[in-house]
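Asker: Just to be clear, the model below is a prediction. Sequence and coordinates:
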Amino acid sequence: MTGASQVLGEYVGLHCFGTEALCPSRVVAFARGELEARLPEDPAFAARIEAGRRALEAAQLDGGAVYGVTTGVGSSVENEIPGGLRALLPRYLLRFHGVGTGRILEESEAAAVVAVRLASLARGHSGVRRELLQRLCDLLNLRVLPCIPAEGSVGASGDLTPLSYLAATVVGEREATLQGRVVPAAEALEAVGLEPLELLPKESLALMNGTSVMTALGCLAWERALYLARLASAITAAVSEATLGNPAHFDARIFELKPHPGSQRCAAWIREDLGRAGAGAAEPVRLQDRYSIRCAPHVIGVLLDAAKVAEGILEVEVNGVNDNPLVVPESGDILHGGNFYGGHVAFALDSLKASVAGVADLLDRQLGLLCVPETSGGLPANLVSMTGPAAVVHHGFKAMQISASALTAEALKLTIPAAAFSRSTESHNQDKVSMGTIAARDCLRILELTETVAAIGLLAACQGLDLRERQAGTQRLPRSPLYEAVRKAVPMVVEDRRQDRDIAQLLAMLRSAALPLGSILSE
């Protein structure tokens with residue numbers, strides 16, 4: 001999302017999988033190409049990985065049943081796979097799961113998926129070889145990334161279908177991106193000097209049977225949500241100033257008496273922005289502002305607190321071992337369970353997406369206040385700047401308000417919890433599923449919509465500040481860095497004009513983190 005991708009090989013840091021925990025912010029850094037992936041050189045790490053592999057082989061030799069190795073998968077678990085056929089199962093397993101549909105994940109999203117899958121497998125409980133872990137490092141570092149369709153996962157038994165596209169890239173099948181170009185995976189591997197890797201029994205299942213797609217997308221959504229919360233706070237400050245609002249609504253003492261951390265943080269940001277803009281010189285025109293101003297910290301604060309909860313859940317998921325079966329290298333035990341279930345991720349992202357949509361609704365209501373003289377403190381209707389007889393043929397931000405309402409309605413519609421739509425599938429083997437990947441996709445879509453509402457709201461707030469300055473007859477000093485950045489990119493609307501390009505310009509700045517927003521996003 002935010003931040004420019006690094007040129008191949010120009011990393012700002014490295015991450016050692018297998019010894020270092022991978023936090024959501026580092027997942028985002030891998031998505032941007034800012035980190036180099038490495039494996040520990042410590043012999044103990046190599047020995048642990050090898051011990052897991054040997055334990056898996058020993059279980060087969062002892063005649064024990066190992067799911068997905070000596071048996072079929074899913075409801076076909078009762079199919080016994082003879083020793084002579086076991087080497088065929090990894091390739092056919094990934095092939096029959098090649099049924100993904102929908103948009104192809106962006107290169108940054110695919111990189112995040114690879115990083116999250118590698119973090120799980122590098123824990124040493126999946127029975128895979130060090131060579132496979134190194135191959136995932138190579139794919140990340142060389143930006144040879146699988147083309148992953150977004151649709152097709154129910155989020156339990158992991159993200160089987162989308163992760164099959166990662167397994168396919170490893171073996172040189174299907175398509176991959178090479179530095180942004182879509183090419184056959186075999187061609188991409190050849191271009192960077194890598195041979196397709198033949199997967200051993202359990203290795204394709206280990207790659208596929210986990211929560212890495214929903215978790216990776218969730219990490220990207222989490223980061224965007226934090227940025228959005230900070231931007232919404234800045235917009236609130238600008239709207240409060242433009243409408244001659246009462247800055248006392250954001251007094252720290254109010255939030256000490258109901259100390260939700262997110263609300264406290266948001267109110268502090270709004271105070272910071274009002275102070276930077278020199279607001280407060282004008283007398284407030286009302287004792288109490290409408291809720292969309294007065295209660296903004298209580299709305300944006302929910303998003304901040306939901307993001308904090310999501311961050312903790314995502315960090316556990318990123319660093320957890322989430323395939324099946326699991327291997328205990330020390331004892332050689334094979335554990336059959338359900339760590340691939342994405343229920344926690346679904347909960348986190350269903351909550352996060354509802355909180356994001358709440359901010360879209362807040363910003364849409366603030367736009368409504370700006371466009372009506374009775375609630376804006378006497379600004380021109382629809383923020384029309386034109387004066388004189390010709391003013392009647394201009395409509396300012398009237399259509400912008402319609403667009404923002406449409407975007408907000410769509411965002412709110414998507415807040416229905418994806419987890420509520422669990423259903424039985426795959427011959428009733430997967431008879432209760434998480435829908436976590438759908439929750440992640442919903443969250444990203446709601447963020448996309450809400451960011452657009454924020455861009456419209458920011459343009460309207462700047463228009464309102466310009467009109468307020470004109471009413472006062474004096475230049476408003478000092479101007480905030482955010483206002484200056486907007487006005488450097490997009491001029492004030494005087495005569496009616498198309499504003500879709502204005503929205504696109506602001507969105508580009510928002511999504512590249514080019515808007516100066518004051519204090520840091522996370523603490």
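Answerer: Arrived safely, thanks for sending.

Asker: what about stretch 416-429, average pLDDT?
Answerer: Stretch 416-429 shows a mean pLDDT of 94 in the predicted model.

Asker: Please report the distance of the residue nearest to L379 when sequence neighbours are not counted from P516.
Answerer: Take L379 and drop its neighbours on the chain: the residue closest to it by Cβ to Cβ, 6 or more residues apart in numbering is L467, 5.2 Å away. No exception for glycine: its C-beta is placed from N, CA and C like everyone else's. Between L467 and P516 the distance is 22 Å, computed by Cβ to Cβ, to the nearest Å.

Asker: gap between stretch 188-205 and the chain center?
Answerer: For stretch 188-205, the gap between its own C-alpha mean and the chain's C-alpha mean amounts to 28 Å (Cα atoms, centre = their mean, to the nearest Å).

Asker: Contacts for that stretch, please.
Answerer: 56, 60, 66, 68-69, 73, 86-87, 89-91, 93-94, 126-129, 131-132, 135, 138, 142, 144, 164, 167, 169-173, 176-178, 183, 186, 207, 323-324 (Cβ atoms under 8 Å, 6 or more residues apart in numbering).

Asker: Out of the residues you listed, which end up buried?
Answerer: With burial judged by 16 or more other Cβ atoms under 10 Å, the buried subset of the contacts of stretch 188-205 is 56, 60, 66, 68-69, 73, 86, 89-91, 93-94, 126-129, 132, 135, 138, 142, 144, 164, 167, 169-173, 176-178, 183, 186, 207, 323-324.

Asker: Please flag which of those residues sit within strands.
Answerer: Secondary structure defined by DSSP state E assigns 144, 176-178, 183 of the buried ones among the contacts of stretch 188-205 to strands.

Asker: residues near T71, how many?
Answerer: Each residue near T71 was counted by other Cβ atoms under 10 Å, and the total is 17.

Asker: That one is in contact with P82, isn't it?
Answerer: No. With contact taken as Cβ atoms under 8 Å, T71 and P82 are classed as non-touching, separated by 11.2 Å.

Asker: in the stretch 201-350 of the chain, which spans are strands?
Answerer: Remark: strands assigned in the stretch 201-350 of the chain by DSSP state E, counting those that start in this stretch are 326-327, 334-335.

Asker: pLDDT added to the ones in strands among the buried ones among the contacts of stretch 188-205, as CSV?
Answerer: As requested, these are arranged in CSV below (pLDDT from 0 to 100):
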residue, pLDDT
V144, 98
A176, 98
T177, 98
L178, 96
V183, 98
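
Asker: Looking at the strands of the stretch 201-350 of the chain, which is nearest to R479?
Answerer: R479 lies closest, by Cβ to Cβ, to one member of the strands of the stretch 201-350 of the chain: strand 326-327, at 58.0 Å.

Asker: if we can go back for a sec, any idea which of the strands of the stretch 201-350 of the chain gets closest to M400?
Answerer: strand 326-327 (53.3 Å).

Asker: Give the partner strands of the closest one in its sheet and their orientations.
Answerer: Here the strand partners of strand 326-327, with direction, are listed using DSSP bridges: strand 334-335 (antiparallel).

Asker: And the contacts of the strand it pairs with?
Answerer: Residues outside strand 334-335 that contact it (Cβ under 8 Å, 6+ apart) are 55-56, 59, 64, 66, 325-328.

Asker: Now intersect the residues you listed with the helices, please.
Answerer: Using DSSP state H, the members of the contacts of strand 334-335 that fall within helices are 55-56, 59.

Asker: Sort out which one of those residues lies nearest V493 for me.
Answerer: L56 (65.5 Å).

Asker: for that closest one, what are its contacts?
Answerer: Residues counted as contacts of L56 (Cβ under 8 Å, 6+ apart) are 66, 69, 127, 201-202, 327, 334.

Asker: Give me the nearest residue to it, chain neighbours excluded.
Answerer: Counting by Cβ to Cβ, 6+ apart, L56 lies nearest to G127, which is 3.8 Å off, once chain neighbours are set aside.

Asker: I'd like the distance between the nearest residue to L94 once chain neighbours are set aside and I438.
Answerer: Using Cβ to Cβ, 6+ apart and skipping the chain neighbours, the partner closest in space to L94 is A167 (4.2 Å). A167 sits 22 Å away from I438, going by Cβ to Cβ.

Asker: Equivalent analysis for L205, please.
Answerer: To I438, L205 is 23 Å away according to Cβ to Cβ.

Asker: Pull the contacting residues for L121.
Answerer: L121 makes contact with 128, 132-133, 136, 206-207, 323, according to Cβ under 8 Å, 6+ apart.

Asker: just to revisit the earlier point, just checking, the residue nearest to L94 touches F96?
Answerer: No. Between A167 and F96 there is no contact under Cβ under 8 Å: 11.7 Å.

Asker: Please list all residues in contact with V183.
Answerer: When contacts are counted by Cβ under 8 Å, 6+ apart, V183 touches 175-177, 191.

Asker: Can you give me the distance of it to A176?
Answerer: Counting by Cβ to Cβ - V183 and A176 are separated by 7 Å.

Asker: and what of C295?
Answerer: For C295, the distance to A176 (Cβ to Cβ) stands at 48 Å.

Asker: for P389, same thing?
Answerer: In terms of Cβ to Cβ, P389 sits 62 Å off from A176.

Asker: Nearest to V12 among the contacts of L121?
Answerer: Closest to V12 out of the contacts of L121 is L136 (20.4 Å), distances taken as Cβ to Cβ.

Asker: For burial, what's the neighbour tally of the closest residue to the closest one other than its chain neighbours?
Answerer: Nearest residue to L136 in three dimensions, chain neighbours excluded: L118, at 4.3 Å (Cβ to Cβ, 6+ apart). By other Cβ under 10 Å, 27 other residues sit near L118.

Asker: same question, F421
Answerer: Neighbour count of F421, defined by other Cβ under 10 Å: 12.

Asker: Low-confidence regions, the stretch 151-300 of the chain specifically.
Answerer: In the prediction, the stretch 151-300 of the chain carries residues with pLDDT under 70 at positions 277-281.
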